[in-house]
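>>> Mind folding the following:
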Amino acid sequence: MKTYSLFPLVVIVLFISCSSNDDKRPNFNEKFKIIIFDTVAVPIKGKLITAVDHNNKNGDILLCDLANIDTIYLANKKGYVKKKVSLLGQDANRLGSAIFNIGFLGSDTIVVNSERGFFYYNLSWELQRSILDKTTLLSYGAGIIPRIRQFKEKGKVFLIQHLKPSFEGPINSEHGYNNYKSITIYDINNKSHKFIAGYEKESIFQKEKMYFGSPLNFFDIDKNSRLQVIHNPDLNLYEYDIEKPNNPYLVTKLYPAFFQLNIKYGLNENIESKYDDQIINSQFVDLNCFDRFTFLTYRTGIPVDIYKEVKSSSELPELFKAHMKYYVLLLKDGKQVCADILLPKGVSGIAFIKSSDDILLNTNPMITETESSSIFYRAKLVRIK
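Predicted coordinates for the structure are as follows:
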């Protein structure tokens, strides 16, 4: 069938994609559900209004529209918008033309990382400090803002997901795969980058020497201050010691029951106008660590046999609604402990986890948005006996 130019559509529906894994998938005895207990209606609208971080002290939420990453919102835990700011621009104290990362630093500071460097704001959005260092975002798909992670290691260090302009590509080549490092330790004292996480020898990229679309990676920090990384669509979770980034890493095999990976491209293949992988292939959409647990969310998409019958791109939105589902893989102490947890209808991922009894869920605006508000859910993790 004809391949459609679907990039704007794919952004609107939160990237899309369902199932298979190897025969060695273990039997999981434990079962869990994620149950919604409250709705948070934020009186703002956009194509992809997303919660990106929260304040551990007062519960405030940082939000932005991933389809128009200029305006940032600060809301309280009930959804009331306390502040709205637009930071882009070319003046001296503006952030340039692109925002890359955003997050709370402690309970009273917000850090925004843009193409111009790092900018520190108080909760009233007054600029407190800036560290200028021109950087460029890694092209890993539209509309993803990883939260900045901060560490104290002989000074202040950020873990961020972007690359210096010196990175050599193209990524869809064997040379690119062998040299690809997407997660960076950035030392703000001496403005130095140290690459820590990339495509390891166990990855699907190194083993199959195939290309699976734009790189899309997620990371978080566990209770032991170790870096956990997932590289889409690789079914391995990688764990690194941040203080010893050159030491051997740990690899955990993942067993999603409904993960589909039918579309692959050859290395160096021209895929500029191809979007089948974003429509059919499953992809991870977030990674969150809390206490001894790791929550990995992935989504399914349109089954291949149904997609082959599509005659027009106008059919796709309803097919996405019908077939796109979101599941969570739950790991404890680095091991998957239960079967895939189906997220409630309309939920598109986990924004953040305050506790196992207080999880904020992002939603798909095509399903949940009202005339005046963007909807989020508060939920809890419940063991099924």
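
>>> and Gln128, how far is that from Asp60?
Separation of Gln128 from Asp60 (CB to CB, to the nearest Å): 17 Å. From N, CA and C alone the C-beta is placed, and that goes for glycine too.

>>> The two: which is more packed in?
When Gln128 and Asp60 are compared on other CB atoms under 10 Å, the one with more neighbours turns out to be Asp60, at 20 against 12.

>>> what's that one in contact with, if anything?
Listed by CB atoms under 8 Å, 6 or more residues apart in numbering, the contact partners of Asp60 are His54, Leu74, Ala75, Asn76, Lys77, Lys82, Phe104, Leu123.

>>> Not counting sequence-adjacent ones, nearest residue to the fifth one?
In other words, Lys77. Gly59 (3.4 Å; CB to CB, 6 or more residues apart in numbering).

>>> Go ahead and report the secondary structure state at the one you found.
The assignment at Gly59 comes out as coil when based on DSSP: H, G, I helix; E, B strand; the rest coil.

>>> does it really touch Gly79, like I thought?
No: Gly59 sits out of contact with Gly79 when judged by CB atoms under 8 Å, with a separation of 10.9 Å.

>>> The two: who's more crowded?
For Gly59 and Gly79, the more surrounded residue by other CB under 10 Å is Gly79, and the numbers stand at 18 against 14.

>>> Give me the buried subset of the contacts of Asp60.
Of the members of these, the ones counted as buried by neighbours, 16 or more other CB atoms under 10 Å, are His54, Leu74, Ala75, Lys77, Phe104, Leu123.

>>> Any chance of the residues you listed in TSV with pLDDT and distance to Pro43 as columns?
Compiled in TSV, those are given as follows (pLDDT from 0 to 100; distance: CB to CB, whole Å):
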residue	pLDDT	distance to Pro43
His54	93	18
Leu74	95	13
Ala75	95	9
Lys77	92	15
Phe104	92	22
Leu123	92	20
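
>>> now the stretch 51-200 of the chain, which segments are flagged as low pLDDT?
For the stretch 51-200 of the chain, applying pLDDT under 70 flags the ranges 135-144, 152-155, 162-172.

>>> I misspoke; the intended subject was the stretch 201-350 of the chain.
Low-confidence regions of the stretch 201-350 of the chain, defined by pLDDT under 70, span residues 214-215, 246, 270-273.

>>> Could I get the full set of strands for it?
With strands called from DSSP state E, counting those that start in this stretch, the stretch 201-350 of the chain shows them at 210-211, 217-221, 226-231, 236-241, 250-253, 265-266, 283-290, 293-299, 326-332, 335-336, 341-342, 347-355.

>>> Tell me which other helices or strands the fifth one touches.
Contacts of strand 250-253 with other secondary structure elements, assessed using 3 or more CB pairs under 8 Å, 6 or more residues apart in numbering; DSSP states H and E, are made with strand 236-241.

>>> so what secondary structure elements neighbour the strand it packs on?
With contacts taken as 3+ CB pairs under 8 Å, 6+ apart, strand 236-241 sits against strand 192-198, strand 226-231, strand 250-253.

>>> nearest to Thr300, of these?
Between Thr300 and the helices and strands packed on strand 236-241, the shortest separation by CB to CB is 16.4 Å, and it involves strand 226-231.

>>> quick revisit: export the contacts of Asp60 to a markdown table and tack on distance to Ile188 and secondary structure?
Written out in a markdown table, the entries for the contacts of Asp60 read as follows (distance: CB to CB, whole Å; DSSP: H, G, I helix; E, B strand; the rest coil):
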| residue | distance to Ile188 | secondary structure |
| --- | --- | --- |
| His54 | 23 | strand |
| Leu74 | 23 | strand |
| Ala75 | 28 | strand |
| Asn76 | 29 | coil |
| Lys77 | 29 | coil |
| Lys82 | 27 | strand |
| Phe104 | 16 | strand |
| Leu123 | 21 | coil |
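
>>> Let me have those residues in a markdown table, extended by distance to Asn236.
Shown next, in a markdown table, are the contacts of Asp60 (distance: CB to CB, whole Å):
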| residue | distance to Asn236 |
| --- | --- |
| His54 | 28 |
| Leu74 | 36 |
| Ala75 | 36 |
| Asn76 | 38 |
| Lys77 | 35 |
| Lys82 | 40 |
| Phe104 | 30 |
| Leu123 | 39 |
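
>>> deepest of the helices and strands packed on strand 236-241, which one?
Among those, ranked by average contacts under mean count of other CB atoms under 10 Å, first place goes to strand 226-231 (a mean of 23).

>>> so what strands line up beside that strand?
Strand partners for strand 226-231, identified by DSSP bridges, are recorded as strand 217-221 (antiparallel), strand 236-241 (antiparallel).

>>> and those strands, which is most packed in?
Most buried of those by mean neighbour count (mean count of other CB under 10 Å) is strand 217-221; its value is a mean of 21.

>>> Could you check the angle it makes with strand 192-198?
In terms of direction (axes from the mean of the first three to the mean of the last three CA atoms, to 10 degrees), strand 217-221 departs from strand 192-198 by 110 degrees.

>>> Report the angle between strand 217-221 and strand 283-290.
What separates the directions of strand 217-221 and strand 283-290 is an angle of 0 degrees, with the same axes, to 10 degrees.

>>> So which residues make contact with strand 217-221?
The list of residues contacting strand 217-221 from outside it, by CB under 8 Å, 6+ apart, reads 140, 146, 149, 151, 159, 161, 182-183, 197, 227-232, 242, 284-289, 294.

>>> Going through those, which ones are buried?
With burial judged by 16+ other CB under 10 Å, the buried subset of these is 140, 146, 149, 159, 161, 182-183, 197, 227-232, 242, 284-289, 294.

>>> Gln206 and Gly176, how far apart?
The spacing between Gln206 and Gly176, counted by CB to CB, is 11 Å.

>>> Those two: who's more crowded?
The neighbour comparison of Gln206 against Gly176 (other CB under 10 Å) goes to Gly176, with 19 against 16.

>>> Quick check: nearest residue in space to Leu237, chain neighbours excluded?
Here the residue nearest Leu237, using CB to CB, 6+ apart, is Thr252, at 4.3 Å.

>>> If anything else comes up later, I'll come back, but that's it for now.
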